[in-house]
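>>> Pasted the sequence and its predicted model underneath.
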Amino acid sequence: MISVVAYGLTVGAILYIISIGLSLTFGTMRIVNFAHALIYTMGAYVLFTMLRVTGGNFVLAAIVGVAAAVPLAWAIERFVIRRLYGQSIDYAIIGTYAVLLIGVDATKWIWGATPLPLSDPIGKYVNVLGVDLPVYRLVVIALAVLIFAGLELFFRRTVVGKIVVAGLEDKDAVRSLGIRVDSYFSLVFILGSCLAALGGILYAPITTIHPYMGTHVLLLSFAVVLVGGLGSMRGTLVASFALGMVMAVTGRVWGPAAEAMVFAVMAVVLVLKPIEV
Amino acid sequence: MGVALRGAGPILETRGATARFGAFTAVDGASYRLEEGETAGIIGPNGAGKSTFFNLITGLVLPAAGSIHLAGADVTRLPPHRRVKSGLVRTFQLVSVFDALPVLDNLTLAVIHADPSLASGPGFLLGSSRRGGLEEAGVAALDRVGLSAKANWLTSELSYGDKRKLEIGIALALRPRVLLLDEPFAGLSDHEIAEVLRLVKAIQGSLSMVIIEHKISHLLDMVSRLSVMHEGKIIAEGKPATVLEDPTVRRVYWGGGQGRGLVEARGTRKAEA
C-alpha cells in the first residue's frame, strides 16, 4: 500500500515537472509542442555523458543537463516555432514532430539505440511505516513540490510572471499595454524546456535511458495537460499526481492496464469537461 | 522610441486601409483623419468592420493594402506594442482586463511600460511588482477611475461596469496621445454609463479620441465629427447632425433590416467580424 502510494507520487512528480512546460507553452503560444519530448530525452542523455565526465557527480551532471536545454530550446523556438505563429495548429504539430524525429535519430547516432541503465544516485532507503522506500524517490517528490511553489511565487509576485499570466488570458490585450509579449513567451518556453530536461534527468535512474523515452512519456504528459486544463498551473499539479496515482494503483492490480487507464480517465474528463480553445 | 510625436497634419491618418480574412474584406479602403485634440465618433451596424478598423490602426491586424500614419509617421509595419509606446492606445469592445490578476496589477503592468524610469536595474523584471514607485503609480492611476478601494480585489470579482472603468484607467495610465474606445458603454447600466461618460469627458481635449459606439445618443454630445461604416467602407462623414440626416446612412440603419432606430439603438455585446 505504502509502496503503491510512493510510486504513484513519484510518477506524479515526474509528470508534473514535464507537463508544466507543455501546458504553459500551449497556454501562451497555442502550440502543441512535440519537441518537448526531445528535450526530456536529451536531458537524460546529457546526464549520462556528464556522469562519466564528472566521475559520477549527479548534481553537477544534472545541472549541466538542465543548462543544455537552454540553447536547444532557444533554437527550436527561434527557428521552428516562431515561424509557426498564427498558422494552423496542425503545422505546429507536424513541425515540432519533425524536430522530435530528427532529434531521436540524432540521439541514436550519438549514443546508440541500446538502452542505458543508470543506478540510483542516492542508493539509500528509508523505512516508512514498515516499508523500505528509496530516498531518491522522496527527493524527486519533494523537488516537484518545490518547483510548484517556486513557479507559484514567480507567477504571482514578479513582473515577468504577471505579464505571462496576463498573456495567458489575452495576448492582444498585453500587446495593447505596449509590452512585447512574445519575448516573455519565449522565456516561458525555455523555462518549460529546462523543466522537461530536469524531468528526464530525474526519471533516468528510475527507468532506463533510451531514444524513445520522451516519445513515450509525452503521451502521458498530454493526458495530464488535457485533464489539468490547458495553461492551468494548479490544474497541472493536481492532474499529474492524480494520474500518477491512477497508474500506480492500476499497475498494482493489472500491470499492462496502467497506462491505458490514464487515457481512459482522460477520455472521461474530456467528455465531462470539453476543452474550450 | 518609434515615432516622432510632433508634426503638422492629422495626429492619426489611414490611407486606403484594407483588411481581408480569406475572401472576406472586413475593411475596404478606409481613409480616415483625426486632428490633434479632436473627439470623433464611428458608428455602423454590427459587422460593419468598425472593430477591425481599430485592429488595423493598432496593428493587431496587418493591412492587405493601404497605410496607417501616426503624427505623420508611417506605422503600417510597426508591431502593436511599439505603436502603444508612440502614444496609440485602445480599449476593446468586450472589456479587456486581466481577470486572473489583482486589480492593482492590471495598472502596474501598464505604468511600467509607460514610464521606463519605474523600471530600474537589471533585476527589475524578476523583482516584485509591488514595490515603491511602481505600486504608487498604480494606485494613482486606479484613483483616477475611482477604483482604489478595490485595489486588492481579484479582477474577476469586479462588476462589468467596474471592469470597464479599470480598462479605461489602464488606457489612461499608458499616457495616450490617441485613444481609441471600442463601444465603451456596451453592456453597462445607465448609472455606469454616466460614470464612464464623466471619465471620458474629463479627458476630452487633452488628447485625441475616436469612439466606436452603438448608443449614438451618448456620442452626439461628445463628438464634433461622426463617421459611418457599412460593409467595410466609410460611407459618410461630417457633423453628427448632418450625417444622421444623410439618406444613405438612414437607409443602412433603418432600411437595412436592422430594425432599430438610430438614436435608440442599444449597444449589444455581440462580437463583430
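Everything's here; your move. It should be emphasised that the depicted structure is a prediction, and the values quoted were computed from it without experimental measurement.

>>> how about the residue of chain A found nearest chain B, phi and psi?
For chain A and chain B, the shortest gap (Cβ to the nearest Cβ) falls at residue A:178, measuring 3.4 Å. For glycine as for every other residue, the C-beta is placed from the backbone atoms N, C-alpha and C. Residue A:178 has phi and psi values of phi 80, psi 20 when expressed as degrees, to the nearest 10.

>>> Now do the contacts for the closest residue to it other than its chain neighbours.
Leaving aside its chain neighbours, residue A:178 sits nearest to residue B:84 (3.4 Å; criterion: Cβ to Cβ, 6 or more residues apart in numbering or on different chains). Taking Cβ atoms under 8 Å, 6 or more residues apart in numbering or on different chains, we find residue B:84 in contact with A:175, A:176, A:177, A:178, B:58, B:113, B:174.

>>> per-residue confidence at the residue of chain A closest to chain B?
Residue A:178 carries a pLDDT score of 87 in this model.

>>> Surely the residue nearest to residue A:178 forms part of a helix?
Yes. Under DSSP: H, G, I helix; E, B strand; the rest coil, residue B:84 sits within a helix.

>>> Neighbours of residue 208, how many?
Chain wasn't specified; assuming chain A. Applying other Cβ atoms under 10 Å in any protein chain shown, we find 14 residues neighbouring residue A:208.

>>> hmm, I had chain B in mind actually
Residue B:208 is flanked by 24 other residues according to other Cβ under 10 Å.

>>> Run through who's touching whichever helix or strand it is part of.
Per DSSP states H and E, residue B:208 falls inside strand B:208-212. With contact meaning Cβ under 8 Å, 6+ apart, strand B:208-212 is reached by B:11-12, B:34-43, B:50-51, B:54, B:93, B:177-184, B:200, B:203, B:219, B:222-223.

>>> average pLDDT across it?
Strand B:208-212 carries an average pLDDT of 95.

>>> Only alpha carbons, please: show that strand as CSV.
Provided in CSV are the C-alpha atoms of strand B:208-212 (Å, rounded to 0.1, in the frame of the first residue of the first chain):
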residue,chain,number,x,y,z
SER,B,208,-7.3,62.9,-29.4
MET,B,209,-10.1,60.3,-29.3
VAL,B,210,-12.0,58.0,-31.6
ILE,B,211,-15.1,56.4,-30.1
ILE,B,212,-17.0,53.5,-31.7
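
>>> Once you drop chain neighbours, what's closest to the residue in the stretch 101-250 of chain B positioned nearest to chain A?
The stretch 101-250 of chain B approaches chain A most closely through residue B:113 (4.0 Å), counting by Cβ to the nearest Cβ. Using Cβ to Cβ, 6+ apart and skipping residues adjacent in sequence, the residue nearest residue B:113 is residue A:178, 4.0 Å away.

>>> Repeat that for residue A:185.
Spatial nearest neighbour of residue A:185, chain neighbours left out: residue A:28 (4.4 Å); criterion: Cβ to Cβ, 6+ apart.

>>> and that neighbour, how many residues sit next to it?
So residue A:28, with other Cβ under 10 Å, has 23 neighbours.

>>> what does residue B:189 give?
12.

>>> What helix or strand is the residue lying closest to it once chain neighbours are set aside located in?
Leaving out its chain neighbours, the residue that sits closest to residue B:189 by Cβ to Cβ, 6+ apart is residue B:161, at 6.5 Å. Secondary-structure assignment from DSSP H and E places residue B:161 in helix B:160-173.

>>> what's that helix packed up against?
If you count contacts as 3 or more Cβ pairs under 8 Å, 6 or more residues apart in numbering or on different chains; DSSP states H and E, helix B:160-173 packs onto helix B:103-114, helix B:132-144, strand B:178-182, helix B:190-203.

>>> any idea of the angle it forms with helix B:190-203?
For helix B:160-173 against helix B:190-203, the angle by axes from the mean of the first three to the mean of the last three Cα atoms, to 10 degrees is 10 degrees.

>>> what does helix B:160-173 contact?
A:177, B:89-92, B:95-97, B:103, B:106-107, B:110-111, B:114, B:137-138, B:141-142, B:144-147, B:150, B:155, B:158, B:179, B:181, B:184, B:187-189, B:191-192, B:195-196, B:199-200, B:203.

>>> Now a ChimeraX select for only the buried ones of those residues.
Here is the ChimeraX command that selects the buried residues among the contacts of helix B:160-173 (16 or more other Cβ atoms under 10 Å in any protein chain shown):
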select /A:177 /B:89,90,91,92,95,96,97,103,106,107,110,111,114,137,138,141,142,144,145,147,150,155,158,179,181,184,187,188,192,195,196,199,200,203
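
>>> ok, and which of the contacts of strand B:208-212 reach chain A?
Among the contacts of strand B:208-212, not one lies near chain A by Cβ under 8 Å from any Cβ of the partner chain.

>>> List only buried entries from the residues you listed.
B:11-12, B:34, B:36, B:38-43, B:50-51, B:54, B:93, B:177-184, B:200, B:203, B:219, B:222-223.

>>> hey, where'd the strands end up in the chain?
Looking at chain A here, since you left the chain open. For chain A, the strands defined by DSSP state E occupy A:116-117, A:125-128, A:131-134, A:208-209.

>>> wrong one, chain B
Per DSSP E, chain B carries strands over the ranges B:12-21, B:24-34, B:39-43, B:65-70, B:73-74, B:88-90, B:178-182, B:208-212, B:225-230, B:233-238.

>>> what sits against residue A:28?
Residues near residue A:28 by Cβ under 8 Å, 6+ apart: A:164, A:167, A:168, A:171, A:185, A:188, A:189, A:231.

>>> what does the stretch 51-200 of chain A put close to chain B?
So the stretch 51-200 of chain A meets chain B at A:157-160, A:162-163, A:165-166, A:168-170, A:172-181 (Cβ under 8 Å from any Cβ).

>>> top of the contacts of residue B:84 by neighbour count?
So for those (other Cβ under 10 Å), the most neighbours sit at residue A:176, 29 neighbours.

>>> Give the residue spans of the stretch 51-200 of chain B that score low on pLDDT.
B:115-127, B:129-132 (pLDDT under 70).

>>> Which residue does it have closest to chain A?
For the stretch 51-200 of chain B, Cβ to the nearest Cβ, closest residue to chain A: residue B:84, 3.4 Å.

>>> Identify the residue nearest residue B:180 in space, chain neighbours excluded?
residue B:90 (4.0 Å).

>>> From residue B:198, how far off is the one you found?
20 Å (Cβ to Cβ, to the nearest Å).

>>> next one: residue A:179
29 Å.

>>> Identify the residues contacting residue B:27.
By Cβ under 8 Å, 6+ apart, residue B:27 lies in contact with B:17, B:18, B:19, B:49, B:52, B:53, B:56, B:232.

>>> Who is it paired with across the strands?
Judged by DSSP bridges, the bridge partners of residue B:27 are residue B:19.
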